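Engineer: Next come a sequence and a model predicted from it.
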Amino acid sequence: MKTMEWKDWEIFCRVAEAGSFTRGAELAEVPKSSASAAVSRLETQLGMRLFERTTRRVRVTQQGQRLYDSVAPHFAALREIGAEAASASAQVSGTLRIATPYEVGSQHLSPSLSRLLRLHPDLRVEIDVTWDQPDLLAHGYDLAFVMTNTTLHDSSFASKRVVLVERAFYAAPALIAARGLPRNPQDLAGWPTLGNVGDRHWEFLRANAEIARLPVAPRVRTHNAEIRLKAAIDGLGVARLSPLFVEEHVAQGRLVRVLPALVSSPLKVYVLMPARKLMPASVRALLDVMEETLGPPEARRPARRTARA
């Protein structure tokens, strides 16, 4: 077979998609006469008829359809690669709209955003704080961060796990003095608890293996970890919180870690993005900076802070 003229193959795919030489030529960005000549050359080279031509329309033949089904995905992949490469080299500017829970924004996203904005002076960022999984398209978000202890809801959006949030158990010294220092998870039965919305039980893990599960009926239920933290400091109950979030209060003696040899199941933080082929340059830039700031996905447990966020 002679040397392949790949442009002829692309034009064939475009004509097949459009059902018209005129529209196919426009998609391939060539004159109509060039499109007709390209298809004729390809038919001669392959020894098969690719289209049935009438005065009113062009219809792909059965052989042509089989050929299109095999070839078209490769051209689509090449176009996507080219578009992504162009996006990666595009100037990062405009406004990046983000939805995030407060804890993710303050503890994990903030360092990446600071670095991103220093790298790209023409970029602006708008951040909405929400604990729900938003509809990105309806609210105009470029991406959203979601925390869950299970898996994501069924979603038409693209998703990527970005960090694991470790959790442990904390109580005020006064509460521990009143009830006694617990030695095992069962000792916490009957204690007042401060939980997340949906908490019905707490898991206790050692070396990533669950060793106990305690039913809970929190007297305070809220997604807001700041409220749970303050209630715990006030002695209103034992709370399940991120060690990163409470370390200053532990260091200052306002909270004590209960059952320090055990942890609870971690929260998974995902970033959601509209499932579009061409990722905006600003979104790609943020994901790249998060990769550099947080480390590889398998190691993204939060680093300890040295200063207050």
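Structural biologist: Great, that's in hand. Numbering: from 1, shown residues only.
Engineer: can you pull out the helices in the stretch 101-250 of the chain?
Structural biologist: 102-104, 110-119, 136-139, 173-179, 225-233, 243-251 (DSSP state H, counting those that start in this stretch).
Engineer: Which of those sits closest to Phe12?
Structural biologist: helix 136-139 (34.6 Å; CB to CB). Backbone N, C-alpha and C define where each C-beta goes, glycine included.
Engineer: Going along the chain, name the strands of the stretch 1-150 of the chain.
Structural biologist: Here the stretch 1-150 of the chain has its strands, by DSSP state E, counting those that start in this stretch, at 51-53, 58-60, 94-100, 123-129, 143-148.
Engineer: CA-only coordinates of the fourth one in PDB, if you can.
Structural biologist: Extracted as PDB, the C-alpha positions of strand 123-129 are listed here (Å, rounded to 0.1, in the frame of the first residue of the first chain):
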ATOM      1  CA  LEU A 123      -6.100  34.700  38.000                       C
ATOM      2  CA  ARG A 124      -9.000  35.500  40.400                       C
ATOM      3  CA  VAL A 125     -10.700  33.000  42.700                       C
ATOM      4  CA  GLU A 126     -14.200  32.900  44.200                       C
ATOM      5  CA  ILE A 127     -14.800  30.400  47.000                       C
ATOM      6  CA  ASP A 128     -18.200  29.300  48.400                       C
ATOM      7  CA  VAL A 129     -18.300  27.300  51.600                       C
END
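Engineer: quick one: contacts of that strand?
Structural biologist: 92-102, 105, 113, 116-117, 139, 141, 282, 285 (CB atoms under 8 Å, 6 or more residues apart in numbering).
Engineer: Tell me the buried residues within these.
Structural biologist: 92, 96-101, 105, 113, 116-117, 141, 282, 285 (16 or more other CB atoms under 10 Å).
Engineer: Need the max-distance pair from these.
Structural biologist: Top of the distance list for those (CB to CB): Val92 and Pro101, 24.8 Å.
Engineer: quick one on the thing from earlier: could the strands of the stretch 1-150 of the chain go into CSV alongside mean pLDDT?
Structural biologist: Compiled in CSV, the strands of the stretch 1-150 of the chain are given as follows (pLDDT from 0 to 100):
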stretch, mean pLDDT
strand 51-53, 88
strand 58-60, 88
strand 94-100, 91
strand 123-129, 92
strand 143-148, 86
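Engineer: Turn the ones you listed into CSV, including distance to Thr44.
Structural biologist: As requested, those are exported to CSV (distance: least, CB to CB, whole Å):
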stretch, distance to Thr44
strand 51-53, 13
strand 58-60, 17
strand 94-100, 49
strand 123-129, 53
strand 143-148, 50
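Engineer: Quick check: which of those strands is nearest to Pro185?
Structural biologist: Here strand 143-148 is closest among those (CB to CB), at 22.9 Å.
Engineer: Pull out the buried positions in that closest one.
Structural biologist: For strand 143-148, using 16+ other CB under 10 Å, the buried residues are Leu143, Ala144, Phe145, Val146, Met147.
Engineer: Contact partners for Ala28?
Structural biologist: Lys7, Glu10, Ile11, Arg14, Val15, Ala35.
Engineer: quick one, what contacts the most centrally placed residue in the chain?
Structural biologist: Closest residue to the average C-alpha location of the chain: Val271 at 2.3 Å, with CA atoms, centre = their mean. By CB under 8 Å, 6+ apart, the residues touching Val271 are Leu143, Ala144, Phe145, Val146, Ser159, Lys160, Val162, Leu287.
Engineer: hang on, it is in a helix, isn't it?
Structural biologist: No. Val271: not assigned to a helix; according to DSSP: H, G, I helix; E, B strand; the rest coil it is strand.
Engineer: From Leu136, how far out is it?
Structural biologist: 11 Å (CB to CB, to the nearest Å).
Engineer: likewise Arg97?
Structural biologist: Arg97 is 9 Å from Leu136, by CB to CB.
Engineer: Which neighbours do the two have in common?
Structural biologist: What both Arg97 and Leu136 touch, as defined by CB under 8 Å, 6+ apart, is the set Asp142.
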